[in-house]
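Colleague: Quick check, what structure comes out for this input:
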Amino acid sequence: MAGVSLKCGDCGSLLRSVEEAQEHAELTSHSNFSESTEAVLNLVCSSCGKPCRSKTESDLHTKRTGHTEFVDKTVDAAKPISLEAPKASPSGSDEAVGASSHAAEEMVVPEVDKKLLEELEGMGFSTARATRALHYSGNASLEAAVNWVVEHETDPDIDEMPLVPINSKVEAPKPSLTPEQLKAKQQELREKARKKKEEEEKRMEREKEKERIRVGKELLEAKRIEEDNERKRIIALRKAEKDEEKRAREKIRQKLEEDKAERRRKLGLPVEDPSTAKPAAPVVEERKSFVPIRPATKAEQMRECLRSLKQNHKEDDAKVKRAFQTLLTFVGNVAKNPNEEKFRKIRLTNPSFQERVGSLKGGVEFLELCEFERMEGGEFLFLPRDKVDMAVLNSAGSELDSAIKNPFFGVL
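Modeller: Got it, this is the predicted structure:
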């Protein structure tokens, strides 16, 4: 049986003639062709008569037009293929020259209506898609451009900027949608663009929140490691101090033994046998604890006081937070108005103060670390003007602010 098509051995495409094979070779650089008894598919639309050469092409036509009925005329259109190369006509060389000249012609982005372009971009379309729609709809109107986008929404190159030869023109296709359908499509596209923008904003917000949590965890881990290293350093210093003290006692004992032996030698007494020597009564020495660490700073004392306050009342976070905020108010008022005595004097028996701070263990102690003093039989806390230290107040404010904002404060 004679072949009815040419089949590309590289991609499997079926071609009707040698001319199509040559065009296919120029476009794809494929060169492996052979005769095939498989006919090229020919599906003709029953509604508009458009021929489709593949199932994909027919599906795309159905999606664009809504036409679903096709007649298979593959057998009718099949005929033996001629393998003779097409003869070049006398004017073929001129056409080739014109084609090459046309191919070499400069490609530019087509001119479109700027106002319509801005309106389409405002509806959520990309610049490339809006430019392509206006160009191929002939810059007729906003409705025509939207209609074109709706009909070509599935085109693979719809978001690519169109390039056309200089001075070329494209006639506007006739819109195939009614005004009501067009309005509905416009509203649908606007809604899609709005939802896409909202989803992007939500995604960015989630990313920011994840980053904030990650940074917070890293800071807490770094602080924990720092505290562990500090504890290890203190333990090592204590051990070194004990070893040094032990070596010093041993040296003193040896020196005493040598002095004792020297005195016995001078008095002519025999050398004392260590095995018969009466064991001396154990000397009870007062051991003094010595920790070679730097003294705690005011800020560290304040931090420990606040941590202790939260640990003692960890079952009521709201009450602890209110106490921190009240202490921050006291400290802030003094820092802003150091000359106002009313901000430097607190009545301990005040019911509001007792409820917020006084009843919590560590609240009054924190104020005393800020240089407040008890006076008048312990009824008041008072900060003398000459003891107002802005550095201490600033440290107190920083520690309170950190305790309020850090959800893990006092937990680790």
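
Colleague: so where does residue 333 fall, helix or strand?
Modeller: In this assignment (DSSP states H and E), residue 333 forms part of helix 317-336.

Colleague: next helix or strand past that helix?
Modeller: In N-to-C order, the element after helix 317-336 by DSSP H and E is strand 345-347.

Colleague: Tell me which other helices or strands that following strand touches.
Modeller: Using 3 or more CB pairs under 8 Å, 6 or more residues apart in numbering; DSSP states H and E as the contact criterion, the elements in contact with strand 345-347 are strand 380-382. Every residue, glycine included, has its C-beta placed from N, CA and C.

Colleague: just to revisit the earlier point, which other helices and strands contact the helix holding residue 333?
Modeller: Packed against helix 317-336 by the contact rule (3+ CB pairs under 8 Å, 6+ apart) you find helix 298-312, helix 363-369, helix 390-405.

Colleague: I'd like the average pLDDT over it.
Modeller: Mean pLDDT, taken over the full extent of helix 317-336, equals 91.

Colleague: by how many degrees do it and helix 390-405 diverge?
Modeller: In terms of direction (axes from the mean of the first three to the mean of the last three CA atoms, to 10 degrees), helix 317-336 departs from helix 390-405 by 160 degrees.

Colleague: What is the distance between the helix or strand that contains residue 238 and the centre of its chain?
Modeller: If you go by DSSP H and E, residue 238 is part of helix 179-266. Offset of helix 179-266 from its chain centre (CA atoms, centre = their mean, to the nearest Å): 22 Å.

Colleague: what mean pLDDT would you report for that helix?
Modeller: The model assigns helix 179-266 a mean pLDDT of 90.

Colleague: Flag every buried residue along stretch 327-336.
Modeller: Applying a neighbour-count criterion of 16 or more other CB atoms under 10 Å, one finds 327, 328, 330, 331, 332, 334, 335 buried in stretch 327-336.

Colleague: Quick one: find the helix or strand in the protein with the lowest mean pLDDT.
Modeller: Lowest on mean pLDDT, DSSP states H and E among the helices and strands of the chain sits helix 92-103, with a mean of 47.

Colleague: need the next SSE after it, C-terminal direction.
Modeller: Toward the C-terminus, helix 92-103 is succeeded by strand 107-108 as the next helix or strand (DSSP H and E).

Colleague: between the following helix or strand past that next one and helix 179-266, how many degrees?
Modeller: Counting by DSSP H and E, the next helix or strand C-terminal to strand 107-108 is helix 114-122. Using the same axes, to 10 degrees, the direction of helix 114-122 lies 50 degrees away from that of helix 179-266.

Colleague: Give me the helices and strands touching helix 114-122, please.
Modeller: Counting by 3+ CB pairs under 8 Å, 6+ apart, the elements that helix 114-122 packs against turn out to be helix 127-136, helix 142-151.

Colleague: for that helix, which positions count as buried?
Modeller: Of the residues in helix 114-122, those scored as buried under the neighbour-count criterion (16+ other CB under 10 Å) are 116, 117, 120.

Colleague: wait, doesn't the last one sit right on residue 142?
Modeller: Yes. Checked against CB atoms under 8 Å, the pair residue 120 and residue 142 is within contact range at 7.1 Å.

Colleague: closest to residue 364 out of the helices and strands packed on helix 114-122?
Modeller: Of all the helices and strands packed on helix 114-122, helix 127-136 sits nearest to residue 364, with 66.9 Å by CB to CB.

Colleague: Export only the CA atoms of that closest one, formatted as CSV.
Modeller: Backbone C-alpha positions of helix 127-136 (Å, rounded to 0.1, in the frame of the first residue of the first chain) are rendered in CSV as follows:
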residue,chain,number,x,y,z
THR,A,127,1.3,44.6,30.6
ALA,A,128,2.2,41.9,28.1
ARG,A,129,-1.3,40.3,28.1
ALA,A,130,-3.0,43.8,27.9
THR,A,131,-0.7,44.9,25.0
ARG,A,132,-1.4,41.6,23.1
ALA,A,133,-5.1,41.9,23.6
LEU,A,134,-5.2,45.5,22.4
HIS,A,135,-3.0,44.8,19.4
TYR,A,136,-5.0,41.8,18.2
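
Colleague: what's the angle from that helix to helix 114-122?
Modeller: For helix 127-136 against helix 114-122, the angle between stretch directions is 140 degrees (the same axes, to 10 degrees).

Colleague: Which strands or helices does helix 127-136 pack on?
Modeller: Here helix 127-136 is seen to pack against helix 114-122, helix 142-151 when contacts are counted using 3+ CB pairs under 8 Å, 6+ apart.

Colleague: Identify the residues contacting the shortest one?
Modeller: This points to helix 114-122. The set of residues that contact helix 114-122 without belonging to it, under CB atoms under 8 Å, 6 or more residues apart in numbering, is 127, 129, 130, 131, 133, 134, 139, 141, 142, 145, 146.

Colleague: contacting residues for the first one?
Modeller: Listed by CB under 8 Å, 6+ apart, the contact set of residue 127 reads 117, 121, 161.

Colleague: Contact partners for the closest residue to residue 151 other than its chain neighbours?
Modeller: Leaving out its chain neighbours, the residue that sits closest to residue 151 by CB to CB, 6 or more residues apart in numbering is residue 64, at 5.6 Å. Under the criterion of CB under 8 Å, 6+ apart, the neighbours of residue 64 are 151, 152, 154.

Colleague: Many thanks, we can stop here.
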